[in-house]
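Enquirer: Sequence plus the predicted model coming up.
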Amino acid sequence: MQKNGYVWFYALNTSMATNIFRKKSIEKIVADAKAGVDDGHGISLNKVLTVRDLTALGIAAVIGAGIFSTVGQACFDGGPGVIFLFLMCAVACGFSALCYAEFASRIPMSGSAYTYSYAAFGEIIAWIIGWDLVMEYAVGNITVAISWSGNLTSFLHNIGLHIPDFLSNSFFDVKSGNTQYLEKIAAHDPTAADFLPLHNIWVNCPHIGSLPVILNIPALAITAFITYLVYIGISESRKASNMMVLFKLLVVAAVIIIGFYYVNPANWVPFLPNKFAGVMKGVSAVFFAYIGFDAISTTAEECKNPQRDLPRGMFYSLIICTILYVLVALVLTGMVKYTKLNTADFLANAFNERGLNFLGGIIALSAIVATTSVLLVFQLGQPRIWMSMSRDGLLPPRFSRLHPKFHTPSFATIITGLVVGIPALFLDSEIATALCSIGTLFAFVLVCGGILILPQSEKSEGKFKLPYVNGKFIVPVLLIAAVAVTQWQLPHFFNDFFFKYTDGDPTHTVTHVFMEKIPYFAFTLLVLAIAIGCYIKNFSLIPVLGLMSCFYLMTELGTTNWLRFIIWLIIGLVIYFSYSIKKSKLATETAG
């Protein structure tokens, strides 16, 4: 009897493991695409996008909140040397873009990394990445909506109009600013003045009972408008995106060309004022500035020729944006000292200090347009991810239902608007930015890893194939060389890293320092495992470099954000095991 119990328990666990890792073959995915998968009512998505539209959508997503809101902080932390971080993030994104390009070419479906993971890893990983992508698109758009509100408020103030502060700021942003103000005042810190405006909002805002009334109404309003635009059609969204991209590219070009005439090379000295550690403090901000090029893969079923045009759109947009970012960073840090760039309107202020007030006003307007275009692209992407998950049965059928007139995933679009608009009323933008960055990097890691294990023998009509470079010896040699150079330049680095659990801050305990090192321990183990895997399995070099570089950037986001990320994934797993695993269409087909 006991033996039979063991057999039953073993069979149950084996069956469960098989179920959650069941894969959807490329052949089936491509066949579904060719069959014109619709919502069950004969309605399919409109195929209208060309490579020019896709490139514009990529630029629309990338050149936005980052260049107008988060890059200033990165320049403040890293000085002129922040361009190295832009290049590092571009390389990491470039490796990922190559992997995305092959997936998009072989699997021209709207699910992006979710669909790719379904083919490479199986259902449970596909669900995890689909849930994770909510952090990139929906949570990321919360940050963008808050940034848009700040840009609008500043622009209106400059032309003599004023929105009440308690109706144009997010509750937790104000609460956090008030807390920091009080702490700095108690410590006699002169930087307390930076948080005085938020303290004043907290003190002077109206109350309902004991609850302060602080709501970011402009953030909700722009989310509602963009949601409506995405709801009524891809053609309308494309036209709006193209116009906004043209305008902001003209403004960025003007910033670069005019700004170079006012560059003082003395401001570039020292080039690395806070050394490499200062540069890396801007990882979250700079990587957030790159997020978006992958979003165009969610429009695969609305492309005229997705297998050819999606890879081109990704590469073109990433290359153009990297060049512009590096040039803007050099201009900014050359026009004014990097220490003056830690402001909300850093780009406009740099020109105002040089007496170019008219250009500062145009930049402020461009910031509004730029963040609007980012909102548009991400609001396009999220409903299409949910639509793909719903088609596979992992979400309720309503998420894949298309509007009979507009041919868009209408219900999923409305839900996306609510998921973005309501939290934008009160959420802390810093938390949303970090969550968005770690979620996106995790998606990139899985896409790069997926290319390594995706069966190359499966038939597909993809027009882009990742160049194969055998990493058997290259990766282990690179690892050994990196260790040797580190030991040579920083003799105490490894001893301090593994055995020293104090960082000189008396408020940090041994436990605190150890917890902060956990992501780096995980990265070390991953790199060792990959190096061994390359030697044994002859892994392709490009996806390996993409995986390692993206995972390293994840380690720089801090343990707190990792914990938030893990909690988010646990919530997703609860939903999967309580609903999705039972409703999976692939499970039904397999059982049939």
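Expert: That came through fine.
Enquirer: Burial check on the closest residue to Trp568 other than its chain neighbours, number of neighbours?
Expert: Nearest residue to Trp568, sequence neighbours excluded (Cβ to Cβ, 6 or more residues apart in numbering): Met135, at 6.5 Å. Placement of C-beta: from N, CA and C, glycine included. The tally of other residues near Met135 (other Cβ atoms under 10 Å) stands at 23.
Enquirer: my read is Met135 is in a helix, agree?
Expert: Yes - under DSSP: H, G, I helix; E, B strand; the rest coil, Met135 sits within a helix.
Enquirer: Going by secondary structure, the closest residue to Ala104 other than its chain neighbours is in what exactly?
Expert: By the measure of Cβ to Cβ, 6+ apart, the closest residue to Ala104 outside its immediate chain neighbours is Leu310, 4.0 Å from it. Using DSSP states H and E, Leu310 sits in helix 306-335.
Enquirer: could you say what helices and strands that helix packs with?
Expert: In terms of contact count using 3 or more Cβ pairs under 8 Å, 6 or more residues apart in numbering; DSSP states H and E, helix 306-335 is assigned the packing partners helix 51-62, helix 71-78, helix 82-106, helix 234-260, helix 283-290, helix 346-352.
Enquirer: Need the contact partners of the helix or strand that the fourth one is followed by.
Expert: Next helix or strand after helix 234-260 toward the C-terminus (DSSP H and E): helix 275-280. With Cβ atoms under 8 Å, 6 or more residues apart in numbering as the test, helix 275-280 has contacts from 77-79, 81-82, 84-85, 272, 556.
Enquirer: Show me which residues of helix 275-280 are buried.
Expert: By 16 or more other Cβ atoms under 10 Å, the buried positions in helix 275-280 come out as 278-280.
Enquirer: what about that helix, average pLDDT?
Expert: For helix 275-280, mean pLDDT rounds to 75.
Enquirer: same deal with stretch 60-78?
Expert: Here stretch 60-78 scores 72 as its mean pLDDT.
Enquirer: thinking again about what came up before, how about a markdown table for the contacts of helix 275-280, with neighbour count and distance to Leu45 added?
Expert: Conversion of the contacts of helix 275-280 to a markdown table gives the following (neighbours: other Cβ atoms under 10 Å; distance: Cβ to Cβ, whole Å):
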| residue | neighbour count | distance to Leu45 |
| --- | --- | --- |
| Asp77 | 24 | 43 |
| Gly78 | 31 | 42 |
| Gly79 | 26 | 46 |
| Gly81 | 22 | 45 |
| Val82 | 31 | 40 |
| Phe84 | 17 | 41 |
| Leu85 | 28 | 37 |
| Leu272 | 15 | 48 |
| Glu556 | 20 | 38 |
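Enquirer: Find the pair from those with maximum spatial separation.
Expert: Greatest spacing in these, by Cβ to Cβ: Gly79 and Glu556 (17.4 Å).
Enquirer: coming back round to it: quick check: buried residues in the helix holding Leu310?
Expert: Quick answer for helix 306-335 (16+ other Cβ under 10 Å): 306-318, 320-322, 324-335.
Enquirer: relative to helix 51-62, how tilted is it?
Expert: 40 degrees (axes from the mean of the first three to the mean of the last three Cα atoms, to 10 degrees).
Enquirer: Mind jotting down where the strands sit in this protein?
Expert: All strands of the chain, identified by DSSP state E, fall at 207-208, 211-212.
Enquirer: Can you give the contact residues for the first one?
Expert: When you say that, I think you mean strand 207-208. Outside strand 207-208, the residues touching it (Cβ under 8 Å, 6+ apart) are Val213.
Enquirer: Verify the contact between Glu353 and Leu332 for me.
Expert: No - using Cβ atoms under 8 Å, Glu353 is not in contact with Leu332, being 11.1 Å away.
Enquirer: Any chance of the helices and strands packed on helix 306-335 in a markdown table with distance to Gly449 as columns?
Expert: Listed next are the helices and strands packed on helix 306-335 as a markdown table, based on distance: least, Cβ to Cβ, whole Å:
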| stretch | distance to Gly449 |
| --- | --- |
| helix 51-62 | 23 |
| helix 71-78 | 28 |
| helix 82-106 | 9 |
| helix 234-260 | 31 |
| helix 283-290 | 19 |
| helix 346-352 | 37 |
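Enquirer: Mean pLDDT lowest where, among the ones you listed?
Expert: For those, mean pLDDT drops lowest on helix 283-290, to a mean of 70.
Enquirer: Surely Lys304 and Arg52 touch.
Expert: No - Lys304 lies out of contact with Arg52 (Cβ under 8 Å); the separation is 11.0 Å.
Enquirer: Val475 reaches Leu541, doesn't it?
Expert: Yes - using Cβ under 8 Å, Val475 makes contact with Leu541 at a distance of 6.9 Å.
Enquirer: More neighbours: which of the two?
Expert: It is Val475, of Val475 and Leu541, that has more neighbours when counted by other Cβ under 10 Å, with 22 against 19.
Enquirer: Contacts only, for the residue nearest to the more buried one when sequence neighbours are not counted.
Expert: Leaving aside its sequence neighbours, Val475 sits nearest to Cys534 (Cβ to Cβ, 6+ apart; 4.2 Å). By Cβ under 8 Å, 6+ apart, the residues touching Cys534 are 471-472, 474-476, 544.
Enquirer: Quick one, grab the pLDDT at Cys534.
Expert: 89.
Enquirer: can you check Thr507 too?
Expert: Note on Thr507: pLDDT of 61.
Enquirer: what do you get for Ser44?
Expert: pLDDT, the model's per-residue confidence, is 69 for Ser44.
Enquirer: what does Leu545 give?
Expert: 87.
Enquirer: and the gap between it and Ser25?
Expert: Distance, Leu545 to Ser25, using Cβ to Cβ, to the nearest Å: 28 Å.
Enquirer: of the two, who's got more company?
Expert: Taking other Cβ under 10 Å, Leu545 and Ser25 do not tie; Leu545 has more neighbours (23 against 13).
Enquirer: Which one of the buried residues of helix 275-280 is nearest to Trp131?
Expert: Each of the buried residues of helix 275-280 was checked against Trp131 using Cβ to Cβ; the closest is Met280, at 28.2 Å.
Enquirer: what's the spacing between that closest one and Leu441?
Expert: Using Cβ to Cβ, we find Met280 at a distance of 14 Å from Leu441.
Enquirer: Equivalent analysis for Leu452, please.
Expert: Distance from Leu452 to Leu441, counting by Cβ to Cβ: 17 Å.
Enquirer: swap in Lys340?
Expert: With Cβ to Cβ as the criterion, Lys340 and Leu441 are 30 Å apart.
Enquirer: which of these two has more neighbours?
Expert: Using other Cβ under 10 Å as the criterion, Lys340 and Leu441 rank with Leu441 on top: 29 against 18.
Enquirer: could you list every residue that touches the more buried one?
Expert: Going by Cβ under 8 Å, 6+ apart, Leu441 touches 287, 550-551, 553-554, 557.
Enquirer: Among those residues, which has the minimum pLDDT value?
Expert: On pLDDT alone, Phe287 ranks lowest of these, at 70.
Enquirer: I am assuming that one contacts Leu553, so please confirm or correct that.
Expert: Yes - counting by Cβ under 8 Å, Phe287 does reach Leu553; the two are 5.9 Å apart.
Enquirer: List buried members of the contacts of Cys534 by neighbour count.
Expert: Buried, going by 16+ other Cβ under 10 Å: 471, 475-476, 544, out of the contacts of Cys534.
Enquirer: Spatially, which two of these are the most separated?
Expert: Greatest spatial distance in those: Pro476 and Val544, 11.0 Å, computed using Cβ to Cβ.
Enquirer: What does Ser210 show for phi and psi?
Expert: Main-chain torsions, Ser210, degrees, to the nearest 10: phi -100, psi 0.
Enquirer: Check the gap between Val369 and Leu152 for me.
Expert: Remark: distance between Val369 and Leu152 (Cβ to Cβ) = 11 Å.
Enquirer: what's the distance between the longest helix along the chain and the middle of its chain?
Expert: Using DSSP state H, we find that the single longest helix of the chain is helix 357-391. Taking Cα atoms, centre = their mean, to the nearest Å, the mean C-alpha location of helix 357-391 is offset from the chain mean by 13 Å.
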